[in-house]
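Trainee: Provided below are the primary sequence and the corresponding predicted coordinates.
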Amino acid sequence: MKIVDVICSKGRTGFFFDDQRAIRKNAVPDGAAYKGEPITEGFTSVRQAGEAISVMIVLEDGQIAYGDCAAVQYSGAGGRDPLFLAEDFIPVIEKYISPLLTGRELDNFRKLAEKIDAFKDPETGKRIHTSIRYGVTQAVLDAVAKSKKMLMAEVVADEYDTMVCDVCIPIFTQSGDSRYDNVDKMIIKKADIICHGLINNVKTKLGENGEFLLEYVKWLRERFEELSTDKSYLPVLHIDVYGTIGSAFNYDCDKIIAYFKKLEAAAYPLKLRIEGPVDVEERQGQMKALKELTRRVDENDINIEIVADEWCNTLDDIKYFADNRAGHMVQIKTPDLGGVNNIIEAVLYCKEKGIGAYQGGTCNETERSAQVCVHIAMATKPDQILAKPGMGVDEGFMIVYNEMQRILALRKRKRKD
């Protein structure tokens, strides 16, 4: 089965592009917007509408496969590629990627995905934007699956020598700024990993001495005890602090460990994960800081897992952090890796190294990219998968949960046949 055409359309994502640097410099929330001046290159305001590009591959039998190019909420920060605007990058796909794909035989996803992921812009000599590689390879995976009359998860399992999972992957839901009302939704729907919290400012969300977050963790545990009626349901608490703990405690490891002990006690009996406790704004320094914190947490037998995020963007970054045990778990932030083949490699590498694999992403994706990511997760078995897109809980949880259930049901039918 061959590709006969590639078509692009402009799309919206499930959230926004936010200028992380401006927010850290005390940009002021104003309803759904922010007041303040943008800092990161490409931004015209601190918050602006998220954009995507839908890539549709037309097969010679008339079937259409598709994937969505999308970028993370905090584009341009933490060593990532610049802001992803559809009108800037549709011409790139049409000029370079469409000719590369048209006429190709769809006999192997992995080889074609690797070719796309390695492609360099002839004019600049640089690899094309990670978001383009992300969306195009999604479409290629779908196209190969359609050509072979297989599920995307089955294609991944077949080519990477894995087995499609026969149970659900634990789903992590994120609250955004609605960190109270959204938690109720998570508990009612029995999400496996809850919260996120969006603790991205020391003064307003963490507290100068961590007091706001400490009170919030206590509230989370109490709210869980109040709402949950199922004794078998024991979710993990996972809070993203965007480096604010390091900032509040002047990167003093002793003070951070002492604070972790307070958080652990506040969360008990629930397990707690802290994502991005520090951000030193440089890759090697970030690795060393998380490696030391992880070691100290283990030495003190603290029931907290550190999750690496910032400066751990590419497949090489993930291997670097995993090799050095810089965190108990690594977020595989799917749009940052470029081709989805790298997501597969990243999950499998973390599992090989005994490091937790969190197949994440961003609220600023689309329903299509989320669905494709579910298929990858079901074939690679990460420790958790992000409910996405959006920050409203209901929509992202529904999309990821339902796609997972479809795979399970269809696989069950095949086993019967």
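Mentor: Happy to help now that I have it.
Trainee: make it CA atoms for all contacts and neighbour counts henceforth
Mentor: Fine.
Trainee: and V46, how far is that from I64?
Mentor: 37 Å (Cα to Cα, to the nearest Å).
Trainee: what residue is smack in the middle of the protein?
Mentor: Central residue of the chain (Cα atoms, centre = their mean): G361, 1.6 Å from the mean position.
Trainee: contacting residues for V347?
Mentor: The neighbourhood of V347, defined by Cα atoms under 8 Å, 6 or more residues apart in numbering, consists of 332, 357-359, 380-382.
Trainee: just the helices from the stretch 1-150 of the chain, written as ranges.
Mentor: 20-24, 86-92, 98-101, 109-118, 130-148 (DSSP state H, counting those that start in this stretch).
Trainee: turn these into CSV, columns for distance to F260 and mean neighbour count.
Mentor: Below are those laid out as CSV (distance: least, Cα to Cα, whole Å; neighbours: other Cα atoms under 10 Å):
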stretch, distance to F260, mean neighbour count
helix 20-24, 22, 19
helix 86-92, 42, 16
helix 98-101, 50, 17
helix 109-118, 40, 19
helix 130-148, 35, 26
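Trainee: among those, which is nearest R295?
Mentor: helix 20-24 (27.8 Å; Cα to Cα).
Trainee: and the contacts of the closest one?
Mentor: The contact list for helix 20-24, computed with Cα under 8 Å, 6+ apart, reads 36-40, 46, 74, 77, 200-201.
Trainee: the domain parsing of the protein - what is it?
Mentor: Domains of the chain are assigned by automatic domain parsing as 3-151, 171-416.
Trainee: and these as JSON lines, adding mean pLDDT and distance to Y160?
Mentor: What follows is the domains of the chain, written out as JSON lines (pLDDT from 0 to 100; distance: least, Cα to Cα, whole Å):
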{"stretch": "domain 3-151", "mean pLDDT": "94", "distance to Y160": "8"}
{"stretch": "domain 171-416", "mean pLDDT": "96", "distance to Y160": "8"}
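Trainee: in TSV, list those domains along with distance to E159.
Mentor: Below are the domains of the chain laid out as TSV (distance: least, Cα to Cα, whole Å):
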stretch	distance to E159
domain 3-151	7
domain 171-416	10
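Trainee: what's the closest of these to D158?
Mentor: Comparison of these against D158 by Cα to Cα identifies domain 171-416 as nearest, at 9.0 Å.
Trainee: can you get me a residue count around the closest residue to A248 other than its chain neighbours?
Mentor: Using Cα to Cα, 6 or more residues apart in numbering and skipping residues adjacent in sequence, the residue nearest A248 is E208, 5.6 Å away. Other residues near E208 come to 16 when the count uses other Cα atoms under 10 Å.
Trainee: adding neighbour count, secondary structure and distance to A346, write the contacts of V347 out as JSON lines.
Mentor: Below are the contacts of V347 laid out as JSON lines (neighbours: other Cα atoms under 10 Å; DSSP: H, G, I helix; E, B strand; the rest coil; distance: Cα to Cα, whole Å):
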{"residue": "I332", "neighbour count": "29", "secondary structure": "strand", "distance to A346": "7"}
{"residue": "A357", "neighbour count": "26", "secondary structure": "strand", "distance to A346": "8"}
{"residue": "Y358", "neighbour count": "28", "secondary structure": "strand", "distance to A346": "10"}
{"residue": "Q359", "neighbour count": "27", "secondary structure": "strand", "distance to A346": "9"}
{"residue": "T380", "neighbour count": "28", "secondary structure": "helix", "distance to A346": "10"}
{"residue": "K381", "neighbour count": "26", "secondary structure": "coil", "distance to A346": "11"}
{"residue": "P382", "neighbour count": "23", "secondary structure": "coil", "distance to A346": "10"}
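Trainee: residue ranges of the strands in the chain, please?
Mentor: In the chain, the strands defined using DSSP state E lie at 3-18, 28-30, 33-35, 47-59, 64-69, 171-172, 193-196, 236-240, 272-275, 304-308, 329-332, 356-359, 384-386.
Trainee: pull out the buried positions in the longest helix along the chain.
Mentor: Counting residues, the longest helix found in the chain (DSSP state H) is helix 394-416. When neighbours are counted by 16 or more other Cα atoms under 10 Å, the buried residues of helix 394-416 are found to be 394-397, 399-401, 403-404, 407-408, 411.
Trainee: tilt between it and strand 3-18?
Mentor: Relative orientation of helix 394-416 versus strand 3-18 (axes from the mean of the first three to the mean of the last three Cα atoms, to 10 degrees): 140 degrees.
Trainee: helices or strands up against helix 394-416?
Mentor: Applying 3 or more Cα pairs under 8 Å, 6 or more residues apart in numbering; DSSP states H and E, we find helix 394-416 packed against strand 171-172, helix 367-380.
Trainee: dump those to a markdown table, plus distance to Y233.
Mentor: Conversion of the helices and strands packed on helix 394-416 to a markdown table gives the following (distance: least, Cα to Cα, whole Å):
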| stretch | distance to Y233 |
| --- | --- |
| strand 171-172 | 13 |
| helix 367-380 | 22 |
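Trainee: which of the ones you listed sits closest to N300?
Mentor: When the helices and strands packed on helix 394-416 are compared by Cα to Cα, strand 171-172 sits nearest N300, at 26.7 Å.
Trainee: helices and strands around the closest one, which ones?
Mentor: strand 193-196, strand 384-386, helix 394-416.
Trainee: mind putting the ones you listed into a markdown table with distance to L270?
Mentor: What follows is the helices and strands packed on strand 171-172, written out as a markdown table (distance: least, Cα to Cα, whole Å):
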| stretch | distance to L270 |
| --- | --- |
| strand 193-196 | 10 |
| strand 384-386 | 16 |
| helix 394-416 | 21 |
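Trainee: and M1, which of these is closest to it?
Mentor: Once those are compared by Cα to Cα, helix 394-416 is nearest, at 23.2 Å.
Trainee: what is the orientation angle of the closest one with helix 367-380?
Mentor: Interaxial angle of helix 394-416 relative to helix 367-380 (the same axes, to 10 degrees): 50 degrees.
Trainee: wait, what's in contact with the residue lying closest to G42 once chain neighbours are set aside?
Mentor: Leaving aside its sequence neighbours, G42 sits nearest to L83 (Cα to Cα, 6+ apart; 5.9 Å). Listed by Cα under 8 Å, 6+ apart, the contact set of L83 reads 41-43, 71, 75-76.
Trainee: could you dump those residues into JSON lines and include neighbour count and distance to I302?
Mentor: Below are the contacts of L83 laid out as JSON lines (neighbours: other Cα atoms under 10 Å; distance: Cα to Cα, whole Å):
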{"residue": "E41", "neighbour count": "12", "distance to I302": "40"}
{"residue": "G42", "neighbour count": "14", "distance to I302": "41"}
{"residue": "F43", "neighbour count": "18", "distance to I302": "40"}
{"residue": "A71", "neighbour count": "37", "distance to I302": "34"}
{"residue": "S75", "neighbour count": "24", "distance to I302": "33"}
{"residue": "G76", "neighbour count": "22", "distance to I302": "34"}
